[in-house]
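> I would like to see how this sequence folds:
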Amino acid sequence: MFPTVRDVLALDPVRYGGPRVVAGEAGLDRLVRWVHVAEVPDIAPLLGGGELVLTTGIGLPAEDDGIRSFIGDLADVGVSGLVVELGRRYPTSVPRVMVAAAARRGLPLVELRLPTPFVPITEAVHGLIVHAQLAELRATEAIHQRFTELSVEGADPTEVVRQAAELAGCPVVLENLSRRVLAYDAAGNSAELLLSGWEQQSRRIRLTGRTAYDPDAGWLVTMVGARGQDWGRLLLRWPDTGPADGLGVPPTRLTILLERAASTLALGRLIRRDADGLERQIHRTLLTTLLDHARLVDEVALRARALGVPLERRHLVGVVVRHRADEAGAETIPIGTEAAQARLRDLAEAVSQAMRETNLNGLASTLDDQAVGVLLALPDAGVEDRSLSAFAAALHRVRLAAASAQQTVAGPDAVIIAAGSGVGTLREGRRSLIEARQIADSARRGRRDVAVFRLPHVGLPGLLHLLRDEPRLQTFVERELGPLLTYDAEHPREQLLGTLRAYLEYGRNKSAAASAAHLSRPAFYERLARIARILGVDLDSVDVCLSLHVAMLALDAVRDA
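Here you go, the predicted model:
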């Protein structure tokens, strides 16, 4: 941190001159980047801002307008302050016009009432500045070292964000392109206040370039991505409560820190992009080995055959079983806790027992913290549907019996059973498992009258749900709906997105949509016209409305995630 004008006035070489602040006292906390001695009135073009100007005044104009112009030029260029030694040009005090001009511009003006050598002042101040620059360099080196270690260790986004907040001493938030929070650290502040109305708060932040500071919002923001594909933004809360560097922007150290953290996040995503994403799978099972290492198919087949589960020359079907997201009590069990792990173990045991009861052969294992996976090995494709139906019925019976013994409730729709496409080789079995997991994810809040979910059951909303983390889909949503979402964030009472949703869901029938939205026709028509202006589209165009409807469904998928 550079010294302030107040710090400079406390230095012994300055105190020796008997300093007295005669104007601009409110600006004494401005930072001093350098000290410049000047005895000519046209010095401003040679300055860059942040300098403390020392003068005896012998070369300054005699007329009032000249003095006002001199003070105005210094204020315009952004100097930290002006120090005038009395005795040579001004015997007892600086001119009143100079005091008035400095006060009007808020420029600190200091008199030195005793003869004072300027050299000791410049030496002392420059020593402080060099010391501050050295401290800044050391801080920057520590930042690079910390994030290099995180990159080598393969730290997850939560840890990277936590370390960034710790180094900065400020809240840090990682969001995707749809303004959904992926990770955050409140740095000791209230997380509830930090994230309250986050999407609207984020959309009000103006970003020019890859890294920028929005002083109105108080957020320093940088894009996160690599190879020309951005997938998120990293934000650091830095309210401008003071003249931190004299320019109303965060210190350079924080900008370096945020960009280095963003690089670490981007690198980590590149390293993990072929992995499953949750990083807590049980790699000791053959099932997870098959999922994570497709190249080890032959080894998996060999070891499975030794275990009595032949996978060659079999009809393979990937199955994933998971609890519904909206199951009673599900939201109150945090992922990774002992209760959640016990709940998952119970589900895995129920799956294994259902396989035994139906004489189905295959591999079974937990896939992550929320799902159990099965690779069924059937004798032929003709028994696929019958086997899946029998498995679903047996799993329901097993869970019902367990719930009865524990005096709890377990309905048939409390879990999702999803099956991928049947395949003929073990290499394709990996694809069937991944497909089943994607179907299970997309069906979490879907219909409850389906015993086994397959691809036809999830439809377009399901497809968009599968793609919800894809940056290109998020970019599409922002391109189609971004201006409207920003408008709604700035005008929370109007919420034009709901009007557009009603219009699209009722097949562009304005009368029916107006009735559903509880608006009069003129009011509804006026809102539609405003939406068309904001988005710059023709809402009578079928193609435009189709694109907007798909974007709306994609937005729902992203928000549901």
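> Quick one: name whatever helix or strand follows the top helix by length along the chain.
Ranked by number of residues, the top helix in the chain under DSSP state H is helix 118-153. Next along the chain after helix 118-153, taking DSSP states H and E as the criterion, comes helix 157-168.
> ok and the first helix or strand past that following helix going along the chain relative to helix 157-168, angle-wise?
Using DSSP H and E, the helix or strand that follows helix 157-168 in sequence is strand 172-176. Inter-element angle recorded for strand 172-176 and helix 157-168: 150 degrees (by axes from the mean of the first three to the mean of the last three Cα atoms, to 10 degrees).
> quick one: contacts of strand 172-176?
157, 160-161, 164-165, 181-185, 187, 194-195, 198, 202, 224, 231-237, 258, 261, 265, 469, 471, 474, 558 (Cβ atoms under 8 Å, 6 or more residues apart in numbering). Just so you know, the C-beta spots here come from the backbone N, C-alpha and C atoms, and that holds for glycine as well.
> List the buried residues in the longest helix of the chain.
118, 121-122, 124-125, 128-129, 132, 136, 139, 143, 146-147, 150-151 (16 or more other Cβ atoms under 10 Å).
> so after the worst-scoring helix or strand of the chain on mean pLDDT, what's the next helix or strand?
The weakest-scoring helix or strand in the chain, judged by mean pLDDT, DSSP states H and E, is helix 297-306 (a mean of 70). As assigned by DSSP H and E, the chain's next helix or strand after helix 297-306 is strand 315-323.
> Which strands or helices does that following strand pack on?
helix 338-357, strand 371-378, helix 384-405, strand 415-419, helix 426-442 (3 or more Cβ pairs under 8 Å, 6 or more residues apart in numbering; DSSP states H and E).
> Dump those to TSV, plus mean pLDDT and mean neighbour count.
Putting the helices and strands packed on strand 315-323 into TSV (pLDDT from 0 to 100; neighbours: other Cβ atoms under 10 Å) gives the following:
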stretch	mean pLDDT	mean neighbour count
helix 338-357	84	17
strand 371-378	90	25
helix 384-405	87	17
strand 415-419	90	25
helix 426-442	84	22
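> now for these, which one comes closest to L270?
With Cβ to Cβ as the criterion, L270 lies closest to helix 426-442 of the helices and strands packed on strand 315-323, at 20.0 Å.
> so how far is that closest one from its chain's centroid?
29 Å (Cα atoms, centre = their mean, to the nearest Å).
> tell me the angle of that helix relative to strand 315-323?
Going by the same axes, to 10 degrees, helix 426-442 makes 30 degrees with strand 315-323.
> Pull the number of nearby residues for I256.
Neighbour count for I256, taken as other Cβ atoms under 10 Å: 16.
> Make sure it is actually in contact with E141.
No. When contacts are counted by Cβ atoms under 8 Å, I256 is not listed as touching E141 (10.3 Å).
> and stretch 473-481, which residues are buried?
The neighbour-count check on stretch 473-481 (16+ other Cβ under 10 Å) flags L473, Q474, T475, F476, V477, E478, E480, L481 as buried.
> Now do the same contact list for R305.
L311, E312 are the contacts of R305 under Cβ under 8 Å, 6+ apart.
> And it, how close does it get to R472?
Per Cβ to Cβ, to the nearest Å, R305 is found 41 Å from R472.
> So the nearest residue to Y90 once chain neighbours are set aside: helix, strand or coil?
Closest residue to Y90 apart from its sequence neighbours, by Cβ to Cβ, 6 or more residues apart in numbering: G57 at 5.6 Å. Assigned state for G57: coil (three-state reduction, DSSP: H, G, I helix; E, B strand; the rest coil).
> heads up, I number from 54, so please use that
OK, 54 is where the count begins now, so the last one is G110.
> Turn the helices and strands packed on strand 368-376 into TSV, columns for distance to T539.
Formatted as TSV, these follow (distance: least, Cβ to Cβ, whole Å):
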stretch	distance to T539
helix 391-410	37
strand 424-431	36
helix 437-458	45
strand 468-472	35
helix 479-495	28
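> Nearest to R507, out of those?
strand 468-472 (5.8 Å).
> Let's see that closest one as PDB, backbone CA atoms only.
Output in PDB follows, covering the C-alpha atoms of strand 468-472 (Å, rounded to 0.1, in the frame of the first residue of the first chain):
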ATOM      1  CA  VAL A 468     -36.700 -43.200  -6.200                       C
ATOM      2  CA  ILE A 469     -36.000 -42.800  -9.900                       C
ATOM      3  CA  ILE A 470     -35.000 -45.900 -11.900                       C
ATOM      4  CA  ALA A 471     -33.400 -44.900 -15.200                       C
ATOM      5  CA  ALA A 472     -32.100 -47.200 -17.900                       C
END
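> Summarise which helices and strands it is packed against.
Using 3+ Cβ pairs under 8 Å, 6+ apart: strand 468-472 touches strand 368-376, helix 437-458, helix 479-495.
> ok, now with 6 Å
When contacts are defined as 3 or more Cβ pairs under 6 Å, 6 or more residues apart in numbering; DSSP states H and E, strand 468-472 packs onto strand 368-376, helix 479-495.
> Dump stretch 133-144 to PDB, keeping only the CA atoms.
Output of stretch 133-144 as PDB, limited to C-alpha atoms (Å, rounded to 0.1, in the frame of the first residue of the first chain):
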ATOM      1  CA  SER A 133      -2.500  13.700  -4.400                       C
ATOM      2  CA  GLY A 134      -1.700  17.200  -3.000                       C
ATOM      3  CA  LEU A 135       0.200  20.400  -3.200                       C
ATOM      4  CA  VAL A 136       2.800  21.500  -0.700                       C
ATOM      5  CA  VAL A 137       4.000  25.100  -0.700                       C
ATOM      6  CA  GLU A 138       7.100  26.300   1.200                       C
ATOM      7  CA  LEU A 139       6.600  29.900   2.500                       C
ATOM      8  CA  GLY A 140       9.200  32.600   2.600                       C
ATOM      9  CA  ARG A 141      10.300  33.100  -1.000                       C
ATOM     10  CA  ARG A 142       7.200  33.900  -3.000                       C
ATOM     11  CA  TYR A 143       4.600  33.900  -0.200                       C
ATOM     12  CA  PRO A 144       6.100  35.300   3.000                       C
END
